[in-house]
Each structure stands twice: as structure tokens, then as C-alpha cells.
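Participant: Provided below are the primary sequence and the corresponding predicted coordinates.
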Amino acid sequence: DAGVIQSPRHEVTEMGQEVTLRCKPISGHDYLFWYRQTMMRGLELLIYFNNNVPIDDSGMPEDRFSAKMPNASFSTLKIQPSEPRDSAVYFCASSPAGPNYGYTFGSGTRLTVV
Amino acid sequence: KQEVTQIPAALSVPEGENLVLNCSFTDSAIYNLQWFRQDPGKGLTSLLLIQSSQREQTSGRLNASLDKSSGRSTLYIAASQPGDSATYLCAVHNYGQNFVFGPGTRLSVLP
């Protein structure tokens, strides 16, 4: 298995632009999580899906952030419009059955908004 | 609300030493606890997952223990190597919630 695949690895964009981050979970994993990591706040859960359905989006910082999972093999996290304070590393993780079985993380997308 | 802390924040040891990393959590009603390793600029790699019914898990030179009553877990690394240099994070899972991550311990093993 190729693991959790995220793209792009790095993204540099100008303030106000739309940014889309992509994630392909491990096949057969029913749970998908989006995390954001910064030096100041550490790892924060943004949203998670179970069987493609968003279950908890309470961590999404504001309406500029949205996430979708149109099918079991693909998810996107979109920021529109982006702001410099959105600069962080965004991780996607998947799990076969939620936290009971642990998580597998992708390599992350490093986002820089200038 | 679960809070997870890790001590020390950073640790530097000479190669070959045995070392212990600490993780503390405020809510002891956990379901499981997972230790991760993160290399600079990389994602998180799962090291060990301990269920609430377990006291410890071992993988090679790594041993993780769990004491729910005291709200603590330790990660023991035997015979440390420079390749062990990374940030180690613990994550705690409470019933009905998702993992809450600690801030991590940055480990440097000097050759």
C-alpha cells in the first residue's frame, strides 16, 4: 500500500488566492482526518469524515475553510481566500475504524501564504 | 477537555544512552494512546499504540508504558542511535473523541 498520499508537498500562494489541498487515504480506511500543524499551536484537528460524511468540523477555523470527500478515495481541503496566518503544514490521516485502531498520516502539505 | 503535555520539550543525549520520554494527560478515561515520531519536514510515523487495557507495548528498542490512573505514559528508547533523532509526540484518545496530541519532545542523539 502506498500509504496516505497528499498533494502538493509545498504550496506558496499570495494572500487572497484560493488554495486546494488534496488527500488520498489508504484503501479500505473508513475514517479520514485533516490536521493543521504550527509551531505555536501544535497539531490541531480541523475536520474528520466517516464513510465520506463529515462528522465533526468544529476545528475548522472559519468559513474560509471547507472540506469535501466526494468518494472513499479522495478528499480536498480548500481555503478561500487564503491569509498569511493560514501558513502551516496540513496533514491528512486515515484510519480503518477511527481512533480505536490508530492513525496513518500522510507526508503533509506545507502551505505558505505571502 | 483532555490536555496532553510532554516533558521534556527537548532532550540531547550521547549515542548509546537509554532514555525516557514522558507524556501526561488530564483525563484518565482514555481508550488508547499512540506514540508517533516526526522527522523534520516530514509526516508522523506511528510507533506504538497502547489500548487502555494494556500496560505496555514493545517494538524493537522501543517500549511504551501506560498508567491510566496517574495519567501518564512513557516511551523508553534503549541504546539510542543518531537515527533516533526526531520529535516524538504522544496522542491520547478518549471515548467519543478523537486523538488529542501533545506538543512533542525534540530528541537529538549525538554521535
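Facilitator: Perfect, I can see it now.
Participant: Could I get the contacting residues of residue A:19?
Facilitator: Going by Cβ atoms under 8 Å, 6 or more residues apart in numbering or on different chains, residue A:19 touches A:11, A:13, A:78, A:79, A:80, A:82, A:86, A:111, A:113. To be clear about C-beta, it is placed using only N, CA and C from the backbone, and glycine gets the same treatment.
Participant: and what of residue B:61?
Facilitator: By Cβ under 8 Å, 6+ apart, residue B:61 lies in contact with B:77, B:78, B:79.
Participant: Would you list the buried entries among the contacts of residue A:19?
Facilitator: Among the contacts of residue A:19, those buried by neighbour count (16 or more other Cβ atoms under 10 Å in any protein chain shown) are A:11, A:13, A:79, A:82, A:86, A:111, A:113.
Participant: Send me stretch A:76-94 as CSV with only the CA atoms.
Facilitator: Provided in CSV are the C-alpha atoms of stretch A:76-94 (Å, rounded to 0.1, in the frame of the first residue of the first chain):
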residue,chain,number,x,y,z
THR,A,76,-9.9,18.1,-0.5
LEU,A,77,-9.4,20.9,1.9
LYS,A,78,-10.0,24.4,0.4
ILE,A,79,-9.1,27.8,1.8
GLN,A,80,-10.7,30.8,0.1
PRO,A,81,-9.5,33.4,0.4
SER,A,82,-6.2,32.5,1.9
GLU,A,83,-4.4,34.7,4.5
PRO,A,84,-0.8,34.7,5.8
ARG,A,85,-1.9,33.3,9.1
ASP,A,86,-3.1,30.1,7.3
SER,A,87,0.6,29.3,6.7
ALA,A,88,1.2,25.9,8.3
VAL,A,89,1.7,22.2,7.5
TYR,A,90,-1.6,20.5,6.7
PHE,A,91,-1.8,16.7,7.3
CYS,A,92,-4.2,14.2,6.2
ALA,A,93,-4.6,10.9,8.1
SER,A,94,-6.8,7.9,7.7
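Participant: residues of that stretch that come out buried?
Facilitator: By 16+ other Cβ under 10 Å, the buried positions in stretch A:76-94 come out as A:77, A:79, A:82, A:86, A:87, A:88, A:89, A:90, A:91, A:92, A:93, A:94.
Participant: Report the entries of the residues you listed that also contact chain B.
Facilitator: Applying Cβ under 8 Å from any Cβ of the partner chain to these, one finds that A:91, A:93 fall near chain B.
Participant: one step back: inside strands: which ones of the buried ones among the contacts of residue A:19?
Facilitator: A:11, A:13, A:79, A:111, A:113 (DSSP state E).
Participant: And the furthest pair within the residues you listed?
Facilitator: Maximum pairwise distance among those (Cβ to Cβ): 9.9 Å, between A:11 and A:79.
Participant: Could you tell me which residues touch both of those two?
Facilitator: Contact with both residue A:11 and residue A:79 is made by residues A:19, A:111, according to Cβ under 8 Å, 6+ apart.
Participant: Format the contacts of residue A:19 as JSON lines; extra columns: pLDDT.
Facilitator: Shown next, in JSON lines, are these (pLDDT from 0 to 100):
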{"residue": "A:11", "pLDDT": "97"}
{"residue": "A:13", "pLDDT": "97"}
{"residue": "A:78", "pLDDT": "98"}
{"residue": "A:79", "pLDDT": "97"}
{"residue": "A:80", "pLDDT": "97"}
{"residue": "A:82", "pLDDT": "97"}
{"residue": "A:86", "pLDDT": "96"}
{"residue": "A:111", "pLDDT": "98"}
{"residue": "A:113", "pLDDT": "98"}
